[in-house]
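Enquirer: Give me a model of this one.
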Amino acid sequence: MNATFDSLFNSECTSCEISADKSAYWTPNLYYQHTNGSFEEVPHGGSVIYYLARGQNANDIISFPKGFQMLSGNKALRAANQSGMTWGDATHPNRPKSDAISFACLAETPGPETPNLPADPRVCISGLRAQIHFQTCWNGKDLYKADNSHVAHMSQIDNGVCPPDYPYQFPHLFLETNYAVAQVSNLNDGGRFVFSQGDPTGYGFHGDFQNGWDDDVLKSAINNCLVDGQDDSGTLDECPILHPYWNPNAGDNCPVQPPQIAEAATGMVSKLPGCVRVTNGPGAATAADMECPAGVALASIVRTVDSTPRPTYTPTSGTLFGNKFNKIVGCGNDSYVNNGFRSLNAVYTTYPGLTVEYCQTWCTKRGYPYSGVENGDQCFCDLVVNPTTIIKDQTDFLSGCNIVCPGNRTELCGGAFYMSIYNNTDPAFKKTTNLANSVIQLTYPVAPFNSTYVGCASEANNGRTLNGTSLVNANMTIAQCAALAAANNAAFYGLENADECYTGNGLASGGMIVDNTTDFTKSQCYSRCAGNFTQICGGGGKLSVYSNPSYKPVTVVPNVGKYKSKGCLQEPTSGSRALTGASMTDSLMTVEKCIKFCLGKRHKYAG
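Expert: Predicted coordinates for the structure are as follows:
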């Protein structure tokens, strides 16, 4: 309430992606009025503000002065063309001021933009986008006037010329606000959408702007980026002057503060806030429609304590930061997507109140010198840094480590797929001897593949690719798996997930060779063997397959004495067996043993 330029400029943070812009941009809440009379807040899908070079004076644009504010639109309107016309003359035609407001229904099949709320916003599955052009022309004297006469639209609103009494031209502001109408509950109950000032038509949509810019930054952006004839898309990519102040995660880094007014305005409410009554029009709403009647107690207001700008520390690599002995390594791309290992991979935890110090302490207690924070609430530890990680200093917030720590918003806790990495350099530090899952294994050179290597095979969807005898061992090596295949006379053996061994006489259940390169950096099989980091033991859902040189193919014995092979006979599916005489079992059964037994019982057949 009652914000000033100083209170905005000195705010702790801003949800605008450009940290040098602490201006206030405002549009009304949108509600869905259910047939039972309750109002459900429509989720806000975010806003986009374009700064454009438009009009005949596009090369002579000035920055907003300190204390400047303006409003576009009229909250009381309930019908079209009630605001009059822009200034114009014979050379510069004018247009209705109400054209500054429009709506775009982001439906599966987009339709034309409308000057009011669409007939059926329920079809706007990707959102209802309310759009507003702010006035571009200024009288050069007043920072604000209640009737908004200190500013004016250009003759064509988003282009043209300024009226004679408004000699100064600002950047043209175009504000888009997306309302996620599809997320409202029970949209088919026959209700309607209503803006917070009691407007069910959309003609009363309006927006406020209150300047909070760092003037030097804005002037530089205007001089270098808002040049008539150049790309005026208004996108940040086209203005490198702003890149040092650009943080795409600003919205998360500067969360919504508690409301100042003690009145329910979010979620489901029984009435519109502020005693506002819904007015259908076409006549304009009155002041009495937007204020509480006499005798109604007003909601209490809690004044927001003025804050000071919050620094965000970006220490350079090699400097101490956080707990004693901890030095910053830098901001590393999380290499998980490249080789299955994160930049730090041994152990990790998540904590909603994460700080750099918390993560450093957590890793130190577990014997890991390296700690890394990522995505705001994730902490990773390891003995070394993944050698494939690309480390850089955090010089800006455009990419990389740009998310503040929720437990200390002056610190950075990595970014999306980027990790802020620290090293505990305490000379007395005792490292863990547990190498499991550590990226230290990637520091070992991989030994050459032996000549029996077949290739990297996919694991089957229904059953195992190698469906014979298997073994899981925390110290798995290729030799252990080869020994298992030899002991069971299996034609092939395969290693998977670093510690698993499978054997079989062929690839079963749809498994197939996906590559046969012996360069593990180009193969889908890249996991180091748990018992020997110089060897490759498959990967996630992938098998390093080898042939067994000692394999002896199974053969059918043609005859033993007077007994001759008759082929393979299927047992009956029900009832007795195919051979109903004597029987025996032996874990070391051979054809000879079976025939000798049956011969001793004087049976004609043995099987």
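
Enquirer: tell me the contacts of Met554?
Expert: For the record, residue 554 is Val, not Met. Under the criterion of Cβ atoms under 8 Å, 6 or more residues apart in numbering, the contact list for Val554 reads Asn489. All C-beta spots, glycine's among them, are computed from the backbone N, C-alpha and C.

Enquirer: Renumber starting at 239 from here on
Expert: Done: numbering now begins at 239, and the last item shifts to Val792.

Enquirer: What's the separation between it and Gly442?
Expert: Computed with Cβ to Cβ, to the nearest Å, the distance linking Val792 and Gly442 is 85 Å.

Enquirer: can you pull the buried residues of stretch 391-409?
Expert: Taking 16 or more other Cβ atoms under 10 Å as the neighbour-count basis, stretch 391-409 is seen to contain the buried residues 391-396, 398-401, 404, 406-409.

Enquirer: Once you drop chain neighbours, what's closest to the residue nearest the centre of the chain?
Expert: In the chain, the centroid-proximal residue (Cα atoms, centre = their mean) is Ala654; its distance is 6.9 Å. Nearest residue to Ala654, sequence neighbours excluded (Cβ to Cβ, 6 or more residues apart in numbering): Asn613, at 6.0 Å.

Enquirer: what about the one you found, how many residues close to it?
Expert: Asn613 is flanked by 17 other residues according to other Cβ atoms under 10 Å.

Enquirer: ok, it to Ser761 distance?
Expert: Where Ser761 is concerned, Asn613 sits at a distance of 29 Å (Cβ to Cβ).

Enquirer: pLDDT at Ala357, what is it?
Expert: Note on Ala357: pLDDT of 83.

Enquirer: again but with Asn577, I slipped
Expert: Per-residue confidence (pLDDT) for Asn577: 62.

Enquirer: can you map out the strands along the stretch 339-488 of the chain?
Expert: Assigned by DSSP state E, counting those that start in this stretch, the strands in the stretch 339-488 of the chain fall at 339-343, 366-371, 375-376, 389-390, 406-407, 410-417, 430-433, 444-448.

Enquirer: what's the spacing between the fifth one and its chain's center?
Expert: In terms of Cα atoms, centre = their mean, to the nearest Å, the centre of strand 406-407 is set 40 Å apart from its chain centre.

Enquirer: Give me the helices and strands touching that strand, please.
Expert: For strand 406-407, the elements it packs on are strand 375-376, judged by 3 or more Cβ pairs under 8 Å, 6 or more residues apart in numbering; DSSP states H and E.

Enquirer: Hmm, Glu279 and Thr504 touching each other?
Expert: Yes. Taking Cβ atoms under 8 Å as the definition, Thr504 is a contact partner of Glu279 at 5.1 Å.

Enquirer: Looking at the two, which one has more neighbours?
Expert: When Thr504 is set against Glu279 and neighbours are counted by other Cβ under 10 Å, the residue ahead is Glu279, at 18 against 13.

Enquirer: Against Val507, how distant is that one?
Expert: Note on Glu279: its distance to Val507, by Cβ to Cβ, is 7 Å.

Enquirer: neighbours of Gly440, just the number please.
Expert: Gly440 - counted by other Cβ under 10 Å - has 23 other residues nearby.

Enquirer: okay, now the residue nearest to it when sequence neighbours are not counted: neighbour count?
Expert: Beyond its immediate neighbours in the sequence, the residue positioned closest to Gly440 (Cβ to Cβ, 6+ apart) is Leu355, lying 3.6 Å away. As a burial measure, Leu355 scores 23 neighbours (other Cβ under 10 Å).

Enquirer: From Ser261, how far out is Leu355?
Expert: Leu355 is 27 Å from Ser261, by Cβ to Cβ.

Enquirer: same deal with Pro486?
Expert: When distances are taken as Cβ to Cβ, Pro486 and Ser261 turn out to be 18 Å apart.

Enquirer: More neighbours: the two, which one.
Expert: Neighbours around Pro486 and Ser261, counted as other Cβ under 10 Å, are more numerous at Ser261. The numbers are 22 against 16.

Enquirer: For the more buried one, give me its contacts.
Expert: Contact partners of Ser261, counting by Cβ under 8 Å, 6+ apart, are Leu246, Cys254, Phe302, Phe447, Gln448, Asn449, Gly450, Trp451.

Enquirer: quick one: what helix or strand has Ala723 in it?
Expert: Under DSSP states H and E, the secondary-structure element containing Ala723 is helix 716-725.

Enquirer: Which strands border the following helix or strand past that helix, and is each parallel or antiparallel?
Expert: Past helix 716-725, heading to the C-terminal end, the next element that is a helix or strand (DSSP H and E) is strand 730-734. When sheet partners are counted by DSSP bridges, strand 730-734 sits next to strand 738-742 (antiparallel), strand 780-785 (antiparallel).

Enquirer: May I see those organised as CSV, with mean neighbour count, mean pLDDT and distance to Thr329 added?
Expert: Putting the strands paired with strand 730-734 into CSV (neighbours: other Cβ atoms under 10 Å; pLDDT from 0 to 100; distance: least, Cβ to Cβ, whole Å) gives the following:
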stretch, mean neighbour count, mean pLDDT, distance to Thr329
strand 738-742, 24, 96, 81
strand 780-785, 25, 96, 73
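
Enquirer: Could you say which one of those strands comes nearest to Thr755?
Expert: Closest of the strands paired with strand 730-734 to Thr755 is strand 780-785, at 11.5 Å (criterion: Cβ to Cβ).

Enquirer: which helices and strands sit right next to the helix or strand following the closest one?
Expert: Toward the C-terminus, strand 780-785 is succeeded by strand 797-798 as the next helix or strand (DSSP H and E). With contacts defined as 3+ Cβ pairs under 8 Å, 6+ apart, strand 797-798 has these neighbours: helix 829-838.

Enquirer: So which residues make contact with the helix it packs on?
Expert: For helix 829-838, contacts defined as Cβ under 8 Å, 6+ apart pick out Val795, Val798, Gly799, Tyr801, Gly819, Ala820, Met822, Asp824, Tyr843, Ala844, Gly845.

Enquirer: make it 6 Å
Expert: Helix 829-838 is contacted from outside by Val795, Val798, Tyr801, Met822, Ala844, using Cβ atoms under 6 Å, 6 or more residues apart in numbering.

Enquirer: List the residues that contact the fourth one.
Expert: The one in question is Met822. Residues in contact with Met822, defined by Cβ under 6 Å, 6+ apart, are Phe835.

Enquirer: switch the cut-off to 10 Å
Expert: Neighbour list for Met822: Lys831, Cys832, Phe835, Cys836, Lys839 [criterion: Cβ atoms under 10 Å, 6 or more residues apart in numbering].
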